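generate a structure from the sequence data that follows.
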Amino acid sequence: MTARQPAEWAPHAATWTAFPSHPELWEDDLAPAQAEVAAMVRAIARGERVELLVANDEAAAAARALLGDADVRLHHYGFGDIWLRDTGPLFLQSPHGLAAAGFRFNFWGGKYDLPGDEGVAAFVAGQVKTPLARHGWVLEGGAIDVDGTGLVVTTEQCLLNPNRNPRMDRAEVESHLRRDLGLDRVLWLGEGLLNDHTDGHVDNLARFVAPGRLALPVAAGKDDPNKDVYEDAWDRARDFGLEIVPVPSPGNVLRDGEIIPASHMNFYIANAVVVVPLYGAPSDEDAVKAIAEFFPDRLVVGMRADHILTGGGSFH
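Numbering: from 1, shown residues only. Sure, this is the predicted structure:
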């Protein structure tokens, strides 16, 4: 067996994430976003240690005050933004134990150039004392989702975007996924969610919940801004031969009059819990119930993520 990225529901030694730390980035949303991240961290820490990056002393003090005696270890590192799924290493299982893969990070296609983010993967791998295999092509962790058997789902909008790897075509991307992450079958979806600053990260659209079993959103109605995106994803997944299970869409969620890429699909699967983002939408309760059916051995909890979303993402 070669080194392979495992499914998220495989047992974790720990979860790495980061704490909102920069007032100039978060502005009025800083304190509420910190509270939302802290709630997520406390939930995850019920079943595993959380390794939490803090960028400055003020953020460290805020984190300690919010986290209390939760099983959390703080790491001071001058990162730019909190999205460690994209900036950190991807951990792999190999015949020789834990392995780590690091990819070139170009700030989500050159949109958000924040000092420190390009060094996160090496810092985290160093803290875990795991050698980092460095790969020269652009890949953010949120652009892919895997089922642990070598199957991966992604979007054309992101991985074939000329602002990521302009000289790589579909075949080359698939070859690199096979070589670097042990992923030998690729389901290509089309577009991601409307106004998603990541250029269509798949973890806001489609998530594996078991080997060969893919969860996809169902539009909230004809006015759901992502109705066509969801229907196209369902068609492609069916044609691929996967079992598909539905999760409600929050529909048309606005902030300051603009449609935001709110999605219940951006949940995180920890050892003891699954944390589902909520937005005060009519779908909130039904989404938690739907996702709970996929993970009967875990506590599935819904938590508000409105303020985290202002920074460009959610719990995953």
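
who does residue 302 bridge with?
residue 276 (DSSP bridges).

check contacts around it.
By CB atoms under 8 Å, 6 or more residues apart in numbering, the residues touching residue 302 are 276, 277, 278, 284, 285, 287, 288. Where C-beta positions appear, they are placed from N, C-alpha and C, glycine not excepted.

my guess is residue 60 meets residue 54, correct?
Yes: Residue 60 lies in contact with residue 54 (CB atoms under 8 Å); the separation is 4.3 Å.

strands paired with the lowest-mean-pLDDT helix or strand in the chain, and their directions?
For the chain, scoring each helix and strand by mean pLDDT, DSSP states H and E identifies strand 254-255 as the least confident one, at a mean of 84. Using DSSP bridges, strand 254-255 pairs in its sheet with strand 258-259 (antiparallel).

circling back: quick one: common contacting residues for residue 60 and residue 54?
74, 76.

more crowded one of these two?
residue 54 (22 against 17; other CB atoms under 10 Å).

quick one: contacts of the least confident helix or strand of the chain?
Under CB under 8 Å, 6+ apart, the answer for strand 254-255 is 260, 306, 309, 310.

who touches the third one in this structure?
Pointing back at residue 309 there. Contacts of residue 309 (CB under 8 Å, 6+ apart): 255, 260, 261, 262, 277, 279.

do residue 139 as well
Per CB under 8 Å, 6+ apart, neighbours of residue 139: 103, 104, 159, 164, 176.

quick one: mean pLDDT over the host helix or strand of residue 292.
Residue 292 belongs to helix 284-294 when assigned by DSSP states H and E. The average of the pLDDT scores along helix 284-294 is 98.

name the SS class of residue 37, please.
In three-state terms, and counting by DSSP: H, G, I helix; E, B strand; the rest coil, residue 37 is helix.

quick check, pLDDT for it.
At residue 37, pLDDT is 98.

what's the answer for residue 239, then?
98.

isn't there a helix covering it?
Yes: if the criterion is three-state DSSP, then residue 239 is within a helix.

how close does it get to residue 230?
Look at residue 239 and residue 230: by CB to CB, to the nearest Å, they are 15 Å apart.
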